[in-house]
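> Predicted coordinates and the sequence they were generated for:
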Amino acid sequence: MELKHVMVLLLLALPMAYAQPASISGQLLSNAFAHVECKTTFETGMVSLLTTSTSSANSLTTYATTLQDDQQKLQTDANNADISAWKNDVATYDSDVKSLNDAIVSWRLTSGKNLTNSSRQTIKSGDTSMRATLASCQFDALKAYSDTKLAWYDSDLSAAQAKASNLSAKGVDTTALTGVISSAQSTIVAPFQSAIDSATDAKGLQAALQQYCLYDGCKSGTNFHFAAQWDIAKTSAIESYLQGKPKAGNFTSQFSQVTSDVSQSQSALSAVGTSAYGSGQSDAVFNPLKDAASVLKQIVAGMR
């Protein structure tokens, strides 16, 4: 393979720092918003049920209005695929949901509501019906979210396979790269798919989403850290290819630097394991790889 092609492949390979595509972010936020709508419909429906049954519950209306305002902000965030704003606004939304539920509990414990037996029965029946609707709605929303995430994982691994095949066709040993892809399939994608297919309620889907992460983000589940594993394998493969070139002997110190960088990155990743990245751990993994990529480009430029 001509050295100029190696440079192109270095530039076209997966980025050193993982970034979720805007299209995926938008779709996931759209799915997440559908889940919020389920909750808002239930919460505001409960307030409506109570206030219709007795004027003593009218104070709850303010909480319902606040939730509807929160939902509107989240709708805007989802439309703009603004993850940062979503995280802040959904935290506010969750807090307001809790405030409403606390207010409902407080209302229920307050004496003097003067509810008739008929009103009590209406509230009980309505509560049961709305909870069933909520469960169905949340399952559908989380199923859509899970399917979107799975499709994204499949797409990324397919793209990685295409890049590995391209490198292999040019003479680079991609055994380690295809190994990373295969491991990602068996460790994350296959069991994630199985968990989605076997889930019968929203709780089961939520458990699957929290258990299997191709990249990072599962607080107590399995984080594969695909971007890091791929970059480590890719950097080593490119380095090995270049070391086989006639002029490689002129860059002994540079190759040593690359080897050291890869080793440092691998050690940092091993320390993370399958946990989510902690403070500074992502930089500890990716910064050496960024340095290695820079040195490899210098080697390619020098070999021309």
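That came through fine.

> For residue 193, give its distance to residue 153.
Distance of residue 193 to residue 153, given as Cβ to Cβ, to the nearest Å: 9 Å. Backbone N, C-alpha and C define where each C-beta goes, glycine included.

> cool, residue 248 as well?
Counting by Cβ to Cβ, the gap between residue 248 and residue 153 amounts to 37 Å.

> before we move on, back to that, between residue 193 and residue 153, which is the more surrounded one?
When residue 193 is set against residue 153 and neighbours are counted by other Cβ atoms under 10 Å, the residue ahead is residue 153, at 23 against 18.

> Residue 196: how many residues sit nearby?
Look at residue 196: counted by other Cβ under 10 Å, it has 19 neighbours.

> Mind telling me what element it is part of?
Element membership of residue 196 [criterion: DSSP states H and E] is helix 190-198.

> what's the domain layout of this protein?
Following the assignment in automatic domain parsing, the chain carries domains at 3-14+144-303, 24-141.

> Make TSV from the ones you listed and add mean pLDDT to it.
What follows is the domains of the chain, written out as TSV (pLDDT from 0 to 100):
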stretch	mean pLDDT
domain 3-14+144-303	92
domain 24-141	94
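
> Now do the contacts for residue 292.
Residues counted as contacts of residue 292 (Cβ atoms under 8 Å, 6 or more residues apart in numbering) are 235, 239, 257-258, 261-262, 265.

> Then it would be within a strand, right?
No - assigned with DSSP: H, G, I helix; E, B strand; the rest coil, residue 292 falls outside any strand and is helix.

> Pull the number of nearby residues for the nearest residue to it once chain neighbours are set aside.
Across the structure, with Cβ to Cβ, 6 or more residues apart in numbering as the measure, the residue nearest residue 292 apart from its sequence neighbours is residue 261 (3.8 Å). Here the neighbour count serves as a burial measure; for residue 261 (other Cβ under 10 Å) it reads 23.

> residues in contact with residue 261?
235, 288-289, 291-292, 295.

> One more: residue 55?
Taking Cβ under 8 Å, 6+ apart, one finds nothing in contact with residue 55.

> From the contacts of residue 292, keep the buried residues only.
Taking 16 or more other Cβ atoms under 10 Å as the criterion, what is buried in these is 235, 239, 257-258, 261-262, 265.

> export these to CSV and tack on distance to residue 95 and secondary structure?
What follows is the buried ones among the contacts of residue 292, written out as CSV (distance: Cβ to Cβ, whole Å; DSSP: H, G, I helix; E, B strand; the rest coil):
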residue, distance to residue 95, secondary structure
235, 44, helix
239, 50, helix
257, 49, helix
258, 48, helix
261, 44, helix
262, 44, helix
265, 39, helix
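
> of these, closest to residue 41?
residue 265 (47.2 Å; Cβ to Cβ).

> wait, that closest one sits on residue 232?
Yes - the pair residue 265 and residue 232 qualifies as a contact (Cβ atoms under 8 Å) at a distance of 5.7 Å.

> what's the overlap in contacts for these two?
Joint contacts of residue 265 and residue 232 (Cβ under 8 Å, 6+ apart) are residue 289.

> Toward the C-terminus, what is the element adjacent to the helix holding residue 196?
Scanning the chain past helix 190-198 towards its C-terminal end, the next helix or strand to appear is helix 202-211 (assignment: DSSP H and E).

> Tabulate the CA atom coordinates of that following helix in CSV.
Extracted as CSV, the C-alpha positions of helix 202-211 are listed here (Å, rounded to 0.1, in the frame of the first residue of the first chain):
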residue,chain,number,x,y,z
ALA,A,202,-40.7,-1.3,30.7
LYS,A,203,-38.7,-2.5,33.7
GLY,A,204,-37.1,-5.3,31.6
LEU,A,205,-36.2,-2.9,28.8
GLN,A,206,-34.8,-0.4,31.3
ALA,A,207,-32.6,-3.2,32.7
ALA,A,208,-31.3,-4.1,29.3
LEU,A,209,-30.5,-0.4,28.5
GLN,A,210,-28.6,-0.1,31.8
GLN,A,211,-26.7,-3.4,31.3
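
> Noted, bye for now.
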